[in-house]
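**Student:** no sequence on this one, just coordinates:
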């Protein structure tokens, strides 16, 4: 059966032209809704399970002994690595096991550092975890591990070099994330749909946080940030036809509006603020969805 991966291989080896690729991509049959839902549920369930594991260690740290503190994460790493090998990293189940291996590795390192005070600084933990995640990603070729490795590396840079207090440093991290993401998509290492997972949450956080810092320590005009967001919306709709840039700009503008609204709120109006915030996010989500439909050529 012809799917997007087959078309990508055809395009990469020159068997079809770019226009033929785009036309073939537009007429591909849609994915089975059941398979689509099962994959998403697997991702959500795996994320909740791993979050529960991390919270278990954090909450019960004083009650469990050293052997359990170090042994349980190692056992989890071994079992998840075995699961990834058995189900193969190319499958959704195998990829989930590979990601879990990386999470258990981070849990073990945190427990080891806390117990023996080795790697007491946060940046030491995240630098080592970045290397482990990158090695696992190279071995398994699971792109979610690359995503985790990049996020861990971003935390390392922020804690090691205090980028959290630097406006240009944070914006630079966001631009670097965008560049890496686009390069990996161009090289066919990641699918284009992965851009939203990689770029939007990371760049939006950095952009919003950096502008709030800049506003706190400089005489920046309040309209600069929404102006840039509006510029991003216009560029994404009229020139670049980029759904990811559109969604990022809408998200930045929405959060900025909520922050400005929160600044003017008093305690007596907190319920009204909640309603207004929900309305703004709902309207922004609908507007972004319509914008994506417009970019894709649908009325």
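**Tutor:** Cool, the structure landed. Nothing here was measured: the structure is a model prediction, and the numbers come from that model.
**Student:** Every contact and neighbour count from this point should use C-alpha atoms.
**Tutor:** OK.
**Student:** Next, the distance between the ends of stretch 79-94.
**Tutor:** End-to-end span of stretch 79-94 (C-alpha to C-alpha, to the nearest Å): 12 Å.
**Student:** What are the buried residues along it?
**Tutor:** For stretch 79-94, the neighbour count (16 or more other C-alpha atoms under 10 Å) marks 80, 81, 82, 83, 84, 88, 89, 92, 93, 94 as buried.
**Student:** In helices, which of those residues appear?
**Tutor:** Counting by DSSP state H, those place 80, 81, 82, 83, 84, 92, 93, 94 in helices.
**Student:** quick one: which of those is nearest residue 263?
**Tutor:** For these, the minimum distance to residue 263 (C-alpha to C-alpha) is 43.6 Å, reached by residue 92.
**Student:** Reformat the buried residues of stretch 79-94 as a markdown table; add pLDDT and distance to residue 44.
**Tutor:** Formatted as a markdown table, the buried residues of stretch 79-94 follow (pLDDT from 0 to 100; distance: C-alpha to C-alpha, whole Å):
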| residue | pLDDT | distance to residue 44 |
| --- | --- | --- |
| 80 | 93 | 17 |
| 81 | 93 | 20 |
| 82 | 95 | 21 |
| 83 | 93 | 18 |
| 84 | 92 | 18 |
| 88 | 90 | 20 |
| 89 | 89 | 18 |
| 92 | 86 | 12 |
| 93 | 91 | 12 |
| 94 | 92 | 15 |
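**Student:** The lowest-mean-pLDDT helix or strand in the chain: what's the following helix or strand?
**Tutor:** The weakest-scoring helix or strand in the chain, judged by mean pLDDT, DSSP states H and E, is helix 194-217 (a mean of 64). For helix 194-217, the following helix or strand on the C-terminal side (DSSP states H and E) is helix 224-238.
**Student:** who does that next one touch, helix- and strand-wise?
**Tutor:** Using 3 or more C-alpha pairs under 8 Å, 6 or more residues apart in numbering; DSSP states H and E as the contact test, the elements touching helix 224-238 are helix 243-263, helix 270-295.
**Student:** one more time with 7 Å, if that's ok
**Tutor:** helix 243-263 (3 or more C-alpha pairs under 7 Å, 6 or more residues apart in numbering; DSSP states H and E).
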